[in-house]
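Chemist: A predicted structure for the sequence below; I have some questions about it.
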Amino acid sequence: MKFVLPIAAICLLLLSGVRSALILSREVRQYHAALAPATGIPLDSALDGLDASGVHKTPDFDPDEYLKDRGTLVLFVIHHNNLPAEIRYWNSTISSVASSDSIHPLVQYWGICDAGSDCNAYQSTARFCILGYLVPYQMHIAASADTNREALLYGRSGRLKARLPIASAPSAMSRAILPEVRWL
């Protein structure tokens, strides 16, 4: 009987410690979820990809880990079965945005090819970086945006700032981009 009480007390103490650890673990997960906005990049992902020739690409970041020159990144899916028309569309959109003197000059554009390396031959005509692949989480976000016919606009911190519906005309698309990239 002398040994049963101390053993029972130790078991209860251990169970209490395990329960506290589980509660604390749940609280820490909730805290991290609250820090990462629903439209942001999770703590275990990044904007990394492979271009059409297999070279690792990341956006141009400054030393403080912000997009270079307070810039933004527009990411969209391009479709290999309609590639020349889509390159003309995005080149025209990029020209229209660049010709506006009311925005900050650095907007990076990435087009994700829906067929991996099938877009290689068109990189020389595109005014944007054509990527074949992204990290899996970002590929999922890009696929979701493609399903909804959206382009993704990432702010200077590398977090998703806006989902922009892809307009039927490049001029309309540039009008959708301009308010989002003005002096972020």
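Modeler: Cool, the structure landed. Residues are numbered from 1 along each chain as shown.
Chemist: can you list the domains in this structure?
Modeler: Using automatic domain parsing, the domain ranges for the chain come out as 1-35, 49-181.
Chemist: which of those has the lowest mean pLDDT?
Modeler: Note on these: lowest mean pLDDT is at domain 1-35, with a mean of 77.
Chemist: past the helix or strand that contains Leu14, which element shows up next along the chain?
Modeler: With secondary structure defined by DSSP states H and E, Leu14 is part of helix 4-35. Following helix 4-35 in sequence order, the next helix or strand is strand 49-51 (DSSP H and E).
Chemist: tally of neighbours for Gly17?
Modeler: Other residues near Gly17 come to 10 when the count uses other C-beta atoms under 10 Å. No exception for glycine: its C-beta is placed from N, CA and C like everyone else's.
Chemist: do Ile7 as well
Modeler: Ile7 - counted by other C-beta under 10 Å - has 9 other residues nearby.
Chemist: please identify the most buried of the domains of the chain.
Modeler: Ranked by mean neighbour count, these are led by domain 49-181 with a mean of 17 (mean count of other C-beta atoms under 10 Å).
Chemist: could I get the full set of helices for this protein?
Modeler: Ranges of helices within the chain are 4-35, 83-99, 136-147, 170-181, based on DSSP state H.
Chemist: and Gly49, how far is that from Pro59?
Modeler: Going from Gly49 to Pro59 by C-beta to C-beta, to the nearest Å gives 10 Å.
Chemist: now Val77: how far from Asp114?
Modeler: Distance of Val77 to Asp114, computed by C-beta to C-beta: 6 Å.
Chemist: please enumerate the shared neighbours of these two.
Modeler: Counting by C-beta atoms under 8 Å, 6 or more residues apart in numbering, the common neighbours of Val77 and Asp114 are Asp146.
Chemist: will you turn the helices of the chain into JSON lines that also has distance to Gly71?
Modeler: Rendered in JSON lines, the data for these read as follows (distance: least, C-beta to C-beta, whole Å):
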{"stretch": "helix 4-35", "distance to Gly71": "24"}
{"stretch": "helix 83-99", "distance to Gly71": "12"}
{"stretch": "helix 136-147", "distance to Gly71": "18"}
{"stretch": "helix 170-181", "distance to Gly71": "8"}
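Chemist: how about these, which one is nearest Val55?
Modeler: Comparing these against Val55 with C-beta to C-beta, the closest turns out to be helix 136-147 (16.8 Å).
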